[in-house]
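*Asks:* Give the three-dimensional model of this entry:
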Amino acid sequence: MPSHTEENYLKAIYKLADAEPDAPGVSTNRIAAALETRPASVTDMLRRLADKGLLAYEKYRGVNLTEDGRRCALLTIRKHRLWEVFLVKELGFDWDEVHEVAEELEHVQSPLLMRRLDAFLGFPVSDPHGDPIPGEDGSVQRAAHRLLAELAIGELGTVAAVKNTQPAFLQYLSKVGLQLGSQLEVLDKVAFDNSFELRVNQERTVLISAEVSRNLFVTA
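*Replies:* Reported below is the predicted structural model:
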């Protein structure tokens with residue numbers, strides 16, 4: 001059974017690989033940056049994970065998770081996202097408050113607990129940020145969505161997920177009244193800085209920056 005630190009590494013490698021699916025592998029430097037640690041420490045951990053059969057390393061191409069490593073990473077992500085749903089839905093946490101708490105809860109090693117938590121929550125398919133919750137079998141159902149930045153004037157969309165889950169960004173979205181399920185209409189795109197003027201829920205207008213538009217996923 002992987003340690004908490006090993007689970008964190010596997011989860012980070014999975015997310016880095018998922019963000020760049022065409023890359024041959026995940027580099028040590030990218031892992032070090034994601035986990036805010038030294039490359040030398042990463043190298044030691046990668047050797048340990050390789051010895052356990054959880055990842056494969058190819059010189060000059062980086063590391064890739066084995067099937068066992070991928071399963072472990074997805075199980076950790078599943079637990080994290082289920083706990084986030086529980087914290088928001090049942091304990092009244094805001095979506096910008098749940099990540100650090102879920103980081104601790106995700107290491108609980110009880111499949112029965114997680115099955116019952118999943119059932120208690122009504123088998124949610126996504127977390128409070130719109131990210132898909134992997135199934136117990138490791139399957140991931142990805143929703144069809146695109147970035148708000150890609151919408152043209154006059155197009156409609158519904159906020160489905162956030163790309164940036166940093167608390168400051170989530171707090172900003174809450175402040176301007178943008179949340180999952182918000183219905184948007186693009187009223188204007190400002191040529192000067194690519195900012196967006198949006199009508200939200202057919203009630204009010206809001207102006208957001210190009211950076212914000214690149215961090216919101218919408219569905220048609």
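*Asks:* quick one: pLDDT of Ala19?
*Replies:* Reading off the confidence values, Ala19 has pLDDT 87.
*Asks:* Please tell me how far Leu46 sits from Pro24.
*Replies:* Distance, Leu46 to Pro24, by Cβ to Cβ, to the nearest Å: 16 Å. C-beta here means a position set from N, CA and C on the backbone, and glycine is covered the same way.
*Asks:* Those two: which has the busier surroundings?
*Replies:* More crowded of Leu46 and Pro24, by other Cβ atoms under 10 Å: Leu46, with 20 against 11.
*Asks:* now for the strand or helix carrying that one, which elements pack on it?
*Replies:* Using DSSP states H and E, Leu46 sits in helix 39-51. Counting contacts by 3 or more Cβ pairs under 8 Å, 6 or more residues apart in numbering; DSSP states H and E, helix 39-51 is packed against helix 4-19, helix 28-35, strand 55-58.
*Asks:* pull the longest helix from the chain.
*Replies:* Counting residues, the longest helix found in the chain (DSSP state H) is helix 67-89.
*Asks:* tilt between that one and helix 39-51?
*Replies:* Angle of helix 67-89 versus helix 39-51, following axes from the mean of the first three to the mean of the last three Cα atoms, to 10 degrees, is 110 degrees.
*Asks:* and the angle for helix 67-89 with helix 4-19?
*Replies:* Helix 67-89 and helix 4-19 meet at an angle of 90 degrees, taking the same axes, to 10 degrees as the criterion.
*Asks:* elements contacting helix 67-89?
*Replies:* Against helix 67-89 (3+ Cβ pairs under 8 Å, 6+ apart) you get helix 4-19, helix 99-105, helix 111-120.
*Asks:* same question for the shortest one, mean pLDDT?
*Replies:* Right, helix 99-105. Computed over helix 99-105, the average pLDDT equals 96.
*Asks:* Okay, buried residues for it please.
*Replies:* 99, 101-103, 105 (16 or more other Cβ atoms under 10 Å).
*Asks:* ok so, going back, list the buried ones in the helix holding Leu46?
*Replies:* The neighbour-count check on helix 39-51 (16+ other Cβ under 10 Å) flags 42, 45-46, 48-49 as buried.
*Asks:* can you list the domain ranges for this protein.
*Replies:* Following automatic domain parsing, one gets these domains for the chain: 4-65, 146-219.
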